[in-house]
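J.: The sequence and its predicted three-dimensional model are supplied below.
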Amino acid sequence: MALWDMRRLDRRPRRWLRSVTVASAAGALALGVLAATPTAPADAAPLPGVTARGNAGLMAPVDLEFAGEFMGWGRGSEGQTTLPAALQGVALSKVVAGSNMTLALTAAGRVVGWGADVARLWDVPADVQSLDVVDIATAGGYAGVVTRSGHVRIWGQPSEVDPTPLDVPDGLTGVKQLVFPGASAALALLEDGSVVGWGWGQEGVTTPPAGLKAKAITGVNLAAYAITEDDTVVGWGTAAGHSLPPETQEIGNVVAVSAVTAPGDQARGMAELADGSLVTWGIAGPELPDVGPDQVVAFASSQGSLVLTEDGVFHPGGSTVGNPPVRTLLTPPAEAQEQAVAQFSVGSAHAAMIVTKMLRAVDPTVAGSPEVGTTLTGTPGTFSADPDQVTSVWLADGQPIPGAEGATLTLTDNLAGKRLSYRSTATKAGEESISSTSPATAPVTMPKPLTPPKVSSTTTVGKVKVAKRAVKIKLKGTVSSGASLAGQAEVTIAKGKKTIVTTSVPVAVDGTFKLTVKKFAKRVAKKTKKAYPGKYRITIAYLGNAGVLPSSGSATVKVKR
């Protein structure tokens, strides 16, 4: 059921809706923030979470159950309103519309961008892709992320102004919100409610009031605002808040606040009050749409504005001057109205929105070694929009394995040579089923046969018999071991430093072998230039086999005339 239909079931105040939004200005985002995330009354029907209510990467993206698909409209000449093909079917948890670009955070925590802004903020640095990102922000010439560990990483175009948001303070941690309140300034809201500023601090925008404890912060064009712990507004920087309206100083009365870009790059403020009405202050700026109290669900603003009311309709605001005017650019197409809105953002001349829909979030994974006899473990994929059911099945070369629907798979001989993967399918009443599949494993291999440890062996030189006048010489040898000894042995006969014979002989299974060397006397004479009588060194080296280690033995033999 869409947001507005569900809200008709319960007309309680909107303050317990989740809300945060993003908006940008020409060169700087106008940021609006939610004061609190109150708890719904116990008897209330559950509502979708709407995070459009201020601007730019200020609080956590929507939960997985509210994530979904992108929709954009307005000026899209640089591709900023067209989702890249690689993101089709991928659930997004937050979008931020900037100047001629759009920045998004997928439900899996990956930061992506598209469009063609001058500072190339859409070109997300490679090292950011390895971070565990929980939120995103962009304004002017800078973009940044907040990591789960509470650190920030900022990128953008180097500036002649010094310092810049790129100069993140050493040791900054515990960050839960990042804001760019000026062309070269940055603010971080910490977990303890304190605010830290850095960069070009013109007009004091990087110096928040002493002792400030905030729930959320926002800023643009050197003006910054915070919602305090008692749900009032505090301002600093340009004009120190522009004489905040008395309604914003009533304890518990502020739901969200946004810093808006007015003509001439001036700053203006806008807040939603507890009764669902909007109030503005400061430099005259974009005209607000005509919506009455107790109607506003969420809003986003920049040079123009969008207000979402309880009937599920977007109401554009802003100047009617120009070709085309901002109000016209921000007028949503028919298909953008009456959607299950999760979050939206207004850029310099375009809008970006997330519509809750069942899509892929995190793909399944497979752990384990693909070898017959082992067990693989599959982790199911996750999906946005709270599916009714998620089932998983094992695949072999892309085809389902009959009966293999559990989280584990024991690999049998019939899977040898196949590539395995794990596929999850989500189903939900009224929506098409969605599937995602893990990367395939390497081909399944057969286990290597177990090789028993080799046993040792002992080689000895046996009987040596020399024929008359050394016409020939015969020798026997033996290799001893507790296993089959079939193999080869190298026999060397040397006289002094001269090698007379080197040859290989077969060794029988029982370890015996023999060798006959003919014309031995002539071999000696040829090698040594001397007669054959004398001492000889016989060395036998058994080479071993699959079950037996090599060994060697030697003996000295005296040959007489």
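T.: Good, I have the coordinates.
J.: Please count neighbours and contacts with C-alpha atoms only from this point.
T.: Will do.
J.: Need the phi and psi values for P246.
T.: phi -60, psi -30 (degrees, to the nearest 10).
J.: now do V195
T.: According to degrees, to the nearest 10, V195 has phi -120, psi 130.
J.: list the contacts for the residue nearest to the spatial centre of the chain?
T.: Computing the C-alpha centroid of the chain and ranking residues by Cα atoms, centre = their mean puts R110 first, at 5.1 Å. By Cα atoms under 8 Å, 6 or more residues apart in numbering, the contact set of R110 is 129, 133.
J.: Is the residue nearest to W281 when sequence neighbours are not counted inside a helix or a strand, and which specific one?
T.: Sequence neighbours aside, G269 is the residue nearest to W281 in space, at 5.3 Å (criterion: Cα to Cα, 6 or more residues apart in numbering). G269 belongs to strand 266-273 when assigned by DSSP states H and E.
J.: What is that strand packed up against?
T.: Applying 3 or more Cα pairs under 8 Å, 6 or more residues apart in numbering; DSSP states H and E, one finds that strand 266-273 contacts strand 254-262, strand 278-282.
J.: sorry, back to before: spit out the contact partners of the residue nearest to W281.
T.: With Cα under 8 Å, 6+ apart, G269 has these contacts: 257-260, 280-282.
J.: For the nearest residue to A361 once chain neighbours are set aside, give the beta-bridge partners.
T.: Nearest residue to A361, sequence neighbours excluded (Cα to Cα, 6+ apart): F383, at 4.8 Å. Applying DSSP bridges to F383 gives these bridge partners: R360.
J.: any idea of the pLDDT on F383?
T.: With respect to pLDDT, F383 has a value of 98.
J.: re earlier: distance from the chain centre to the strand holding G269, please.
T.: 36 Å (Cα atoms, centre = their mean, to the nearest Å).
J.: Name the strands paired with it and say parallel or antiparallel.
T.: Going by DSSP bridges, the partners of strand 266-273 are strand 254-262 (antiparallel), strand 278-282 (antiparallel).
J.: Which stretch among those is buried most, on average?
T.: strand 254-262 (a mean of 33; mean count of other Cα atoms under 10 Å).
J.: wait, doesn't K176 sit right on S149?
T.: No - using Cα atoms under 8 Å, K176 makes no contact with S149, being 9.4 Å away.
J.: Tell me which of these two has more neighbours.
T.: Between K176 and S149, K176 has the larger neighbour count (other Cα atoms under 10 Å), namely 25 against 14.
J.: by how many degrees do the helix or strand hosting that one and strand 254-262 diverge?
T.: Per DSSP H and E: K176 is located in strand 175-182. Here strand 175-182 runs at an angle of 30 degrees relative to strand 254-262 (axes from the mean of the first three to the mean of the last three Cα atoms, to 10 degrees).
J.: possible to save the strands paired with strand 266-273 as CSV with distance to A361 and mean pLDDT?
T.: Formatted as CSV, those follow (distance: least, Cα to Cα, whole Å; pLDDT from 0 to 100):
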stretch, distance to A361, mean pLDDT
strand 254-262, 29, 79
strand 278-282, 35, 82
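J.: And those: which comes nearest A494?
T.: strand 254-262 (99.1 Å; Cα to Cα).
J.: Dump the closest one to CSV, restricted to CA.
T.: Output of strand 254-262 as CSV, limited to C-alpha atoms (Å, rounded to 0.1, in the frame of the first residue of the first chain):
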residue,chain,number,x,y,z
VAL,A,254,10.5,21.9,14.8
VAL,A,255,10.3,18.7,12.8
ALA,A,256,12.8,19.6,10.0
VAL,A,257,14.8,22.5,8.8
SER,A,258,16.4,23.3,5.5
ALA,A,259,18.9,25.9,4.3
VAL,A,260,17.7,27.2,1.0
THR,A,261,19.5,29.0,-1.9
ALA,A,262,17.9,32.4,-2.6
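J.: Give me the local confidence score for I283.
T.: The predicted local confidence for I283 is 68.
J.: can I get the CA coordinates of stretch 144-159 in CSV?
T.: Output of stretch 144-159 as CSV, limited to C-alpha atoms (Å, rounded to 0.1, in the frame of the first residue of the first chain):
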residue,chain,number,x,y,z
GLY,A,144,31.9,12.9,0.9
VAL,A,145,30.9,9.8,2.8
VAL,A,146,30.5,8.8,6.5
THR,A,147,31.8,5.3,7.3
ARG,A,148,30.4,2.9,9.8
SER,A,149,33.4,3.6,12.0
GLY,A,150,32.5,7.2,12.2
HIS,A,151,35.1,8.7,9.9
VAL,A,152,34.7,10.8,6.8
ARG,A,153,36.3,10.7,3.3
ILE,A,154,35.9,13.7,1.1
TRP,A,155,36.8,14.3,-2.6
GLY,A,156,36.4,17.2,-5.0
GLN,A,157,38.1,19.8,-7.1
PRO,A,158,41.1,21.5,-5.5
SER,A,159,40.4,25.1,-4.7
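J.: Point out where the stretch 51-200 of the chain drops to low pLDDT.
T.: 51-60 (pLDDT under 70).
J.: now the strands for it?
T.: 68-74, 92-97, 101-106, 111-115, 133-139, 142-147, 152-156, 175-182, 185-190, 195-199 (DSSP state E, counting those that start in this stretch).
J.: So which residues of the protein form helices?
T.: 3-7, 326-329, 520-528 (DSSP state H).
J.: Of all the ones you listed, which one is nearest L485?
T.: helix 520-528 (28.7 Å).
J.: For that closest one, buried residues please.
T.: Neighbour counts over helix 520-528 (16 or more other Cα atoms under 10 Å) mark 520-524, 528 as buried.
J.: Give me the distance from that helix to the chain's centre.
T.: Counting by Cα atoms, centre = their mean, helix 520-528 comes out at 78 Å from the chain centroid.
J.: list the helices and strands that helix packs on?
T.: strand 472-480, strand 498-507.
J.: at 6 Å instead, please
T.: Counting contacts by 3 or more Cα pairs under 6 Å, 6 or more residues apart in numbering; DSSP states H and E, there are no secondary-structure elements packed against helix 520-528.
J.: Highest mean neighbour count out of the strands of the stretch 51-200 of the chain?
T.: strand 92-97 (a mean of 33).
J.: and that strand, what other elements does it pack with?
T.: Using 3+ Cα pairs under 6 Å, 6+ apart, strand 92-97 sits against strand 101-106, strand 341-346.
J.: Partner strands of the last one and their direction?
T.: Okay, so that is strand 341-346. strand 21-23 (parallel), strand 350-356 (antiparallel).
J.: if we look at the last one, which residues are touching it?
T.: Contacts made with strand 350-356 from outside it, assessed by Cα atoms under 6 Å, 6 or more residues apart in numbering, are listed as 66-75, 97, 340-345, 385.
J.: how near is the nearest residue to A185 once chain neighbours are set aside to Q177?
T.: Spatial nearest neighbour of A185, chain neighbours left out: G199 (4.4 Å); criterion: Cα to Cα, 6+ apart. From G199 across to Q177, the span is 16 Å (Cα to Cα, to the nearest Å).
J.: Strands along the stretch 201-350 of the chain, start to end?
T.: 214-220, 223-228, 233-237, 254-262, 266-273, 278-282, 296-301, 304-309, 314-318, 341-346, 350-356.
J.: Which one, of those strands, ends up nearest to V124?
T.: Closest among those, using Cα to Cα: strand 350-356, at 18.3 Å.
J.: And that closest one, how far out from the chain middle?
T.: For strand 350-356, the distance to the chain centre is 22 Å (Cα atoms, centre = their mean).
J.: average pLDDT for that strand?
T.: Mean predicted confidence for strand 350-356 is 92.
J.: how near is P158 to P400?
T.: Taking Cα to Cα, one finds P158 at 53 Å from P400.
J.: same check, this time on A104
T.: Applying Cα to Cα to A104 and P400 gives a distance of 34 Å.
J.: and if you look at S552?
T.: 58 Å.
J.: Between the two, point out the one with more neighbours.
T.: Taking other Cα under 10 Å, S552 and P400 do not tie; S552 has more neighbours (19 against 16).
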